[in-house]
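**Student:** Return a 3D structure for these sequence lines:
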Amino acid sequence: MKIIKFVVASLALLLIGMAHGSLEIALNSSTDNQTIQVEGYQYVSNLVLDKNVTLVGSNATIDGTKSELIPQVGDRKRHTTVTLKGLTFKHCVNGSSVGFGGAVNLYNFSAMFDHCAFVNNSAYRTGTWNGGSGGAMRINRSTATLIEPIIERNLATYGGGICAADSDLFIYGGRIMYNEAREVNLSPTSKLGGVGGAIDLLHSKVLLARVFIANNEAPISSALNVSKDSDVRVIDSTIVS
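**Tutor:** Reported below is the predicted structural model:
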């Protein structure tokens, strides 16, 4: 297995003009079954994971710099698998026409997030909060496993922390706190969203084991919003509405 390593912090003086986007370059040039080691800060303007790769972080932060970022994890033409370890995603803003996933948008994918953090990310649709889903993560027709995640202070219209549709979601340990599903006033008499402060589920199966969920905000279901055709299993978890 080939290993690509980018040491941002120690090379900052030598690569100051190249530090921005070095992770993006590594992903674009990688092939299947590679491991990319990431250290220090990575400022990204685009984040596409469409290969079977592993990202391993050592005190690593992926920062969207609060500019509009359209994340994509997975390849619509084939089923792909990715593993991410020890990464922090922050200040990622998805303002695309669909607004799916502030930091991560999974489609047709299997993903493992091992001790990753998602902080201060947001999703909205084309310049407004109308319809954005999954402030940290949007999962669609995929399987996602989160081990000891930190999901805090993310914002969307549906699923302030996570929005899952037609998917399987497994969360072991960690905490989901201070996320917000914000309601949108379309007109004086019409409102939209504000559903699932922590997690919004549609046609999905979910396992929550030893997870702490508290202090999330939404007009409808501040913790979990579960559609009738979703299945949620809870083991030794704390869920505070």
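**Student:** drop to CA atoms for contacts and neighbour counts, all remaining ones
**Tutor:** OK.
**Student:** quick one: the residue nearest the centre of the chain from residue 206, how far?
**Tutor:** Closest residue to the average C-alpha location of the chain: residue 137 at 2.9 Å, with C-alpha atoms, centre = their mean. Using C-alpha to C-alpha, to the nearest Å, residue 137 is found at 15 Å from residue 206.
**Student:** wait, what's in contact with the residue nearest to the centre of the chain?
**Tutor:** Going by C-alpha atoms under 8 Å, 6 or more residues apart in numbering, residue 137 touches 100, 101, 102, 103, 104, 105, 106, 161, 162, 163.
**Student:** what are the phi and psi angles of the second one?
**Tutor:** Listed backbone geometry of residue 101 is phi 80, psi 110, with angles given as degrees, to the nearest 10.
**Student:** ok, it - contacts?
**Tutor:** So residue 101 contacts 71, 94, 122-123, 132-139, 163 (C-alpha under 8 Å, 6+ apart).
**Student:** and what of the first one?
**Tutor:** With C-alpha under 8 Å, 6+ apart as the criterion, the residues that contact residue 100 are 94, 123, 124, 132, 133, 134, 137, 138.
**Student:** now swap in the fourth one and tell me
**Tutor:** For residue 103, the contacting residues are 69, 71, 89-90, 92-94, 118, 121-122, 135-137, taking C-alpha under 8 Å, 6+ apart as the criterion.
**Student:** now this structure, which segments are flagged as low pLDDT?
**Tutor:** Under the criterion pLDDT under 70, the flagged ranges of the chain are 1-21, 66-77, 95-98, 126-131.
**Student:** returning to what we had before: and the residue nearest to the centre of the chain, what are its bridge partners?
**Tutor:** residue 104, residue 162 (DSSP bridges).
**Student:** any idea how far residue 199 is from it?
**Tutor:** 10 Å.
**Student:** any residues in contact with both of these two?
**Tutor:** With C-alpha under 8 Å, 6+ apart as the test, residue 137 and residue 199 both reach 161, 162, 163.
**Student:** burial count for the second one?
**Tutor:** Residue 162 is surrounded by 31 other residues when neighbours are defined as other C-alpha atoms under 10 Å.
**Student:** any idea how far it is from residue 35?
**Tutor:** Residue 162 is 26 Å from residue 35, by C-alpha to C-alpha.
**Student:** just to revisit the earlier point, select from the contacts of residue 101 the one having the most neighbours.
**Tutor:** The contacts of residue 101, ranked by neighbours (other C-alpha under 10 Å): first place residue 135, 41 neighbours.
**Student:** tell me the secondary structure for it?
**Tutor:** Each residue gets one of three states, and residue 135 gets coil by DSSP: H, G, I helix; E, B strand; the rest coil.
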